[in-house]
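Asks: coords below, sequence missing:
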């Protein structure tokens with residue numbers, strides 16, 4: 001295959017791919033780690049009988065991206081930062097370019113390491129250590145006048161006990177060899193911390209010690225840094241929510257006059273047959289809810305348990321109210337992805353379907369992960385009439401959930417006990433049909449007050465449990481801390 005042909009290979013080309021016009025030796029792409037169809041193909045390859053990491057750039061913008069990748073890789077190397085060695089690079093005018101890096105066998109991104117530690121709770125010792133390592137490397141980069149535009153844990157690879165910086169395409173220079181200016185440091189650290197759970201923010205001061213031990217050129221006021229973090233978080237959430245309804249690397253979207261189908265792309269092959277026979281799967285599954293407006297069933301797919309929710313049209317009049325606006329499945333799909341992005345526990349939304357007639361909406365379906373866990377009413381039942389109290393870990397997780405909802409100005413809309421499930425060390429929210437993220441405190445405050453009141457009505461007002469929770473949970477208009 002030639003470079004120009006790779007541009008037309010699509011998102012999932014057949015592997016291996018042998019590129020014949022890469023210098024004097026063939027390059028065989030064996031696996032793909034990242035694909036932007038018609039633009040970028042990154043993966044493990046065989047070159048001169050050696051394993052390499054290949055970045056192949058094609059398409060109309062290949063020349064510009066190639067130049068940035070080469071310059072960024074060279075900036076990292078010449079400034080003494082640990083980065084995979086660039087073995088060869090070249091380009092073909094009008095066709096594309098390639099960069100071949102040493103392949104770090106067995107390397108693991110810090111993003112993967114972080115995910116492995118997420119179940120340990122907010123900022124465990126392992127997480128502190130990981131972020132400390134990352135911040136030390138970032139400080140080293142900043143001390144040389146460099147920064148990485150899209151700075152996140154995936155761009156730090158652990159190999160043989162050392163951290164490597166990767167992805168030169170995002171590397172920029174301010175004053176070569178001179179420490180980065182304070183404003184640029186704050187902006188770049190804002191990008192880094194914004195991609196971590198908001199619960200990390202409470203530990204910024206202690207984490208920054210790891211940075212300042214390597215680069216103490218500037219004082220880093222926490223208020224200014226937090227402002228940058230919040231700014232980037234808002235932008236990232238807005239950008240992500242645009243993607244949940246757009247065909248991209250994360251989601252597969254198929255729109256027509258008869259249906260809207262959306263899958264998480266890595267789940268599409270497995271879930272497409274299930275979504276095509278959703279009604280039959282609901283009938284064969286374990287009924288969780290048999291209501292007029294919705295039907296919910298637990299469905300077995302191989303060794304995996306999923307939940308399929310069908311949003312029913314009860315009558316012609318009901319259809320007249322629903323056909324012209326986004327379905328409840330679409331709303332729940334967006335809100336589930338919002339919560340997941342914000343680090344608030346909820347079953348992962350996997351696929352959704354809106355049935356349509358000439359673009360007019362009819363029934364709709366949502367498929368999510370199945371969360372096995374007791375709801376909060378069952379979990380707290382022993383403490384309604386006894387003098388005991390729930391375990392500290394459960395109460396602290398509840399505090400954390402309400403603090404997160406308050407911080408993000410999110411109202412659930414139906415916070416009955418059956419919609420909070422215990423997931424090992426945190427509470428997961430389900431049934432997101434009425435969820436909303438508010439643009440202002442003015443609209444959020446009364447909605448939060450209603451959520452809080454509905455939540456407390458799960459228990460008798462005279463019970464010790466009610467009084468304990470009423471004392472702990474923040475009220476509308478006061479800080480989440482109390």
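Replies: Arrived safely. No experiment lies behind these values; they were computed from the predicted model shown.

Asks: what about the stretch 51-200 of the chain, any weak spots by pLDDT?
Replies: For the stretch 51-200 of the chain, the stretches flagged by pLDDT under 70 are 121.

Asks: as a check, name the ranges of all strands in it.
Replies: In the stretch 51-200 of the chain, the strands defined using DSSP state E, counting those that start in this stretch lie at 86-92, 96-102, 108-109, 146-148, 156-159, 162-165, 171-173.

Asks: looking at these, which is closest to residue 279?
Replies: strand 108-109 (41.0 Å; Cβ to Cβ). (Each C-beta comes from the backbone N, C-alpha and C, glycine too.)

Asks: which residue packs closest to residue 388, ignoring adjacent ones?
Replies: The spatially closest residue to residue 388, leaving aside those adjacent along the chain, is residue 382, at 6.9 Å (Cβ to Cβ, 6 or more residues apart in numbering).

Asks: any idea how far that neighbour is from residue 465?
Replies: To residue 465, residue 382 is 9 Å away according to Cβ to Cβ, to the nearest Å.

Asks: quick one: which of the two has more around it?
Replies: residue 465 (21 against 11; other Cβ atoms under 10 Å).

Asks: what about the more buried one, helix or strand, and which?
Replies: helix 464-472 (DSSP states H and E).

Asks: I figured residue 1 hits residue 17, correct?
Replies: Yes. Between residue 1 and residue 17 there is a contact under Cβ atoms under 8 Å: 5.6 Å.

Asks: what touches both of those two?
Replies: Here residue 1 and residue 17 have residue 9 as joint contacts, going by Cβ atoms under 8 Å, 6 or more residues apart in numbering.

Asks: could you check which of those two is surrounded by more residues?
Replies: More neighbours surround residue 17 than the other of residue 1 and residue 17, with 20 against 15 (other Cβ under 10 Å).

Asks: so which residues of the stretch 351-482 of the chain form strands?
Replies: In the stretch 351-482 of the chain, the strands defined using DSSP E, counting those that start in this stretch lie at 360-369, 410-411, 420-422, 427-429, 436-437.

Asks: who's residue 17 bridged to?
Replies: Counting by DSSP bridges, residue 17 is bridged to residue 29.

Asks: was I right to think it contacts residue 28?
Replies: Yes. Using Cβ under 8 Å, residue 17 makes contact with residue 28 at a distance of 7.1 Å.

Asks: measure residue 419 to residue 218 for me?
Replies: Residue 419 is 46 Å from residue 218, by Cβ to Cβ.

Asks: between those two, which has more neighbouring residues?
Replies: Applying other Cβ under 10 Å to residue 419 and residue 218 shows that residue 419 carries more neighbours, namely 19 against 16.

Asks: tell me the contacts of the more buried one?
Replies: 375, 412, 429-431.

Asks: can I get the residues you listed in TSV with distance to residue 267?
Replies: Output for those, formatted as TSV (distance: Cβ to Cβ, whole Å):
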residue	distance to residue 267
375	26
412	25
429	21
430	19
431	21
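
Asks: weed out the non-buried ones from these.
Replies: 375, 412, 429-431 (16 or more other Cβ atoms under 10 Å).

Asks: tell me which of those fall in helices.
Replies: Residues of the buried ones among the contacts of residue 419 located in helices (DSSP state H): none.

Asks: any idea which of those is the one closest to residue 330?
Replies: Relative to residue 330, and with distances defined as Cβ to Cβ, the nearest of the buried ones among the contacts of residue 419 is residue 431, at 15.2 Å.

Asks: how near is the closest one to residue 25?
Replies: 58 Å.

Asks: and the residue nearest to residue 388, what pLDDT?
Replies: pLDDT recorded at residue 382 is 91.

Asks: what's the spacing between it and residue 195?
Replies: For residue 382, the distance to residue 195 - Cβ to Cβ - is 40 Å.

Asks: for the residue nearest the centre of the chain, which non-adjacent residue is closest in space?
Replies: In the chain, the centroid-proximal residue (Cα atoms, centre = their mean) is residue 341; its distance is 4.3 Å. Of all residues not flanking residue 341 in the chain, residue 240 sits nearest, at 5.2 Å (Cβ to Cβ, 6+ apart).

Asks: that neighbour belongs to a strand?
Replies: No. Residue 240 sits outside any strand when classified using DSSP: H, G, I helix; E, B strand; the rest coil, being helix.

Asks: make JSON lines from the strands of the stretch 51-200 of the chain and add mean neighbour count and distance to residue 61 to it.
Replies: Shown next, in JSON lines, are the strands of the stretch 51-200 of the chain (neighbours: other Cβ atoms under 10 Å; distance: least, Cβ to Cβ, whole Å):
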{"stretch": "strand 86-92", "mean neighbour count": "16", "distance to residue 61": "12"}
{"stretch": "strand 96-102", "mean neighbour count": "22", "distance to residue 61": "10"}
{"stretch": "strand 108-109", "mean neighbour count": "15", "distance to residue 61": "25"}
{"stretch": "strand 146-148", "mean neighbour count": "23", "distance to residue 61": "20"}
{"stretch": "strand 156-159", "mean neighbour count": "20", "distance to residue 61": "26"}
{"stretch": "strand 162-165", "mean neighbour count": "19", "distance to residue 61": "24"}
{"stretch": "strand 171-173", "mean neighbour count": "19", "distance to residue 61": "18"}
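
Asks: these: which one's closest to residue 282?
Replies: With Cβ to Cβ as the measure, strand 108-109 is the member of those nearest residue 282 (38.7 Å).

Asks: contacts only, for residue 408.
Replies: For residue 408, the contact set (Cβ under 8 Å, 6+ apart) comprises 198, 342, 344, 437.

Asks: most neighbours among those, which one is it?
Replies: residue 344 (21 neighbours).

Asks: what's the local residue count around the nearest residue to that residue once chain neighbours are set aside?
Replies: Nearest non-adjacent residue to residue 344, counting by Cβ to Cβ, 6+ apart: residue 404, 5.2 Å away. As a burial measure, residue 404 scores 19 neighbours (other Cβ under 10 Å).
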